[in-house]
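K.L.:
Sequence and computational prediction follow.
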Amino acid sequence: MLVEIIRRRLIQHRRADLVTQVAEARAAYQAGDVRRGSVEDLLAELSQDPDA
């Protein structure tokens, strides 16, 4: 019984974290802070020389 209570609390905690992450993602999207692209685009951007 105690194990079940702890398991449910962990699930609730994960769910609350997910809700927070979704809200942050939506806010970033609405603010225009999100970019779209392929994995190749991301890797190319990450490999660019920061001094260039």
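P.N.:
Yes, it's here.

K.L.:
Every contact and neighbour count from this point should use C-alpha atoms.
P.N.:
OK.

K.L.:
Let me know how buried residue 27 is, in neighbour terms.
P.N.:
The number of residues packed near residue 27 is 13, by other CA atoms under 10 Å.

K.L.:
Buried residues in the lowest-mean-pLDDT helix or strand in the chain, which are they?
P.N.:
Within the chain, no helix or strand scores below helix 39-47, which has a mean of 92 by mean pLDDT, DSSP states H and E. For helix 39-47, burial by neighbour count (16 or more other CA atoms under 10 Å) applies to no residue.

K.L.:
Alpha carbons only: can I get that helix in PDB?
P.N.:
The C-alpha trace of helix 39-47 is given here as PDB (Å, rounded to 0.1, in the frame of the first residue of the first chain):
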ATOM      1  CA  VAL A  39      18.800  17.500 -37.500                       C
ATOM      2  CA  GLU A  40      21.400  18.400 -40.100                       C
ATOM      3  CA  ASP A  41      20.600  22.100 -39.600                       C
ATOM      4  CA  LEU A  42      21.100  21.700 -35.900                       C
ATOM      5  CA  LEU A  43      24.400  19.900 -36.200                       C
ATOM      6  CA  ALA A  44      25.600  22.500 -38.700                       C
ATOM      7  CA  GLU A  45      24.700  25.300 -36.300                       C
ATOM      8  CA  LEU A  46      26.400  23.600 -33.400                       C
ATOM      9  CA  SER A  47      29.600  23.000 -35.300                       C
END
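
K.L.:
Could you check how far it is from the centre of its chain?
P.N.:
Its chain's average C-alpha position is 18 Å from that of helix 39-47, according to CA atoms, centre = their mean, to the nearest Å.
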